[in-house]
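> With the sequence up front, the predicted model follows.
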Amino acid sequence: MGRKNHTIALLTALTVGLTAPANTAEPSGVHPGPMSRQDAFARADALTALGRQMFFDPSLSASGKQACSSCHDPNHAFGPASASPVEIGGAKLDQPGVRTVPSLRYLQAAPAFTEHFYDSEDEGDESVDNGPTGGLTWDGRADHGKDQARIPLLSPFEMGNKDEAQVAASLRKASYAGTFKAAFGADVFDHPQDAFEAAVDALGTFEQSSADFYPYSSRYDAFLAGKAQLSAQELRGRMLFEDETKGNCASCHLSEPANDGEPPQFTDYGLIAIGVPRNPAIPANADPNYVDLGLCGPLRTDFKGRAEYCGLFKTPTLRNVALRKSFFHNGYFHSLREAVAFYASRDSDPARWYPTMADGTVDKFDDLPKAYWPNLNTDPPFNGRKPGDKPALSDAEIDDIVAFLGTLTDADQAGQ
């Protein structure tokens, strides 16, 4: 779903009253009816403006010092500004996270999570099950913007609020409390759970309806529109990116416009296991018994024990990827070139990426227990390569792909 379709969907939700003010009485049990389209536009604008204020408000954290924007910096495509693999949060700002902070840009088109996804736009066989797909966060456990927004507000290693009531109490004292009551009801703060739900509704509306989050203003977008040119190296990189026998990146990071003409999202929203090396810089990893298995836990609990899902993480969009300073769910890599090179030689040169044990053997896939190795992706560029084989991409080809990825940076982020 692109920007136009997302706006229509949002307005449809609003006009059927899904975001009506909290605690609004309905005399004699009669439903007040749907909003007019004009009212829906006005309400969407109001929620977006309110969500924007909340997004930048550090008083909504237990520490009083950490806003949503602290980790999702608008000057870094709403991703982290630092190269740290995890950010520090909590009531005393002393609790490390366990995963790299993702960008909040280009999430508006993410479908709800499903275990079995059949792509109706796929030119191939529509009966093919593409497996777990969709949702937000690295493990897809939130389906909507408001569901995602509630996670950091209550996470002990993020904004650190102990419960919904603590968030509501902070909102009551906020400079925009009057605006909040005007949007959700004069007595909304008398009902902490309602106030919390209203807050995440506004945050979700801001994060998924504001054009700040999906401008489609990169040089590649201009190229697709016939308004810009790519260099020879960038064009070579694009070919390698899409070549199913070389980079094969576009198999997951879709690079062509959708059938309806919407710009490419550079993700298929799937969840995949690629065996990124264990990152010792994450404090949780100091415990050898701790393993982040993505879709099957520990942060997501509904698929605990589902061995076929262990090690799977969301495929992120590659838009603005050149701005990042840490890559993959655990931030192991700190350069885009290294991230691309990992794909090219994960299996042909594992000693480059994984630690060597005392007996001289390489501890391959050291962050994924061997019982789950069957879940690892082996499609090109991996393609059954063995140690000593020629890597899927040469150094020059890696450079070309990295150059192409640089064209995906949005115009407002250029120069960052």
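That came through fine.

> Surely Gly134 touches Ala109?
No. In terms of CB atoms under 8 Å, Gly134 does not count as a neighbour of Ala109; the distance is 10.2 Å. The C-beta positions use only the backbone N, C-alpha and C, and glycine is treated the same way.

> Show the contacting residues for the nearest residue to Lys173 once chain neighbours are set aside.
Nearest non-adjacent residue to Lys173, counting by CB to CB, 6 or more residues apart in numbering: Ser59, 7.2 Å away. Counting by CB atoms under 8 Å, 6 or more residues apart in numbering, Ser59 makes contact with Ser170, Lys173, Ala174.

> hey, where'd the strands end up in the stretch 1-150 of the chain?
88-89, 95-96 (DSSP state E, counting those that start in this stretch).

> mind listing what the last one pairs with, with the direction of each?
Next to strand 95-96 in the sheet, as set by DSSP bridges, lie strand 88-89 (antiparallel).

> Check the gap between Pro298 and Tyr290 for me.
8 Å (CB to CB, to the nearest Å).

> Same check on Thr317?
According to CB to CB, Thr317 stands 28 Å off from Tyr290.

> Over to Gly384?
31 Å.

> of the two, who's got more company?
Taking other CB atoms under 10 Å, Gly384 and Tyr290 do not tie; Tyr290 has more neighbours (13 against 9).

> Report pLDDT for Leu293.
With respect to pLDDT, Leu293 scores 98.

> show me the contacts for it.
By CB under 8 Å, 6+ apart, Leu293 lies in contact with Cys310, Gly311, Leu368, Tyr372.

> any weak-confidence spans in the chain?
1-36, 120-126, 416 (pLDDT under 70).

> Show me the domain layout of it.
3-111+142-213, 219-413 (automatic domain parsing).

> separation between Phe56 and Ser175?
Taking CB to CB, one finds Phe56 at 12 Å from Ser175.

> Show me how to select, in ChimeraX, the buried members of the contacts of Ser59.
To isolate the buried members of the contacts of Ser59 in ChimeraX, using 16 or more other CB atoms under 10 Å:
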select :170,174
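
> how about the nearest residue to Met159 once chain neighbours are set aside, what does it touch?
Distance criterion CB to CB, 6+ apart; nearest residue to Met159, sequence neighbours excluded, is Ser61 at 3.9 Å. Listed by CB under 8 Å, 6+ apart, the contact partners of Ser61 are Ala67, Gly89, Met159, Gly160, Asn161.

> and the gap between Ser61 and Val340?
36 Å.

> what ranges do the strands span in the stretch 151-300 of the chain?
271-272.

> ok now do the closest residue in space to Ser231 that isn't next to it in sequence, which residues does it touch?
Nearest non-adjacent residue to Ser231, counting by CB to CB, 6+ apart: Ala403, 7.2 Å away. Applying CB under 8 Å, 6+ apart to Ala403 gives the contacts Ser231, Gln233, Glu234, Gly237.
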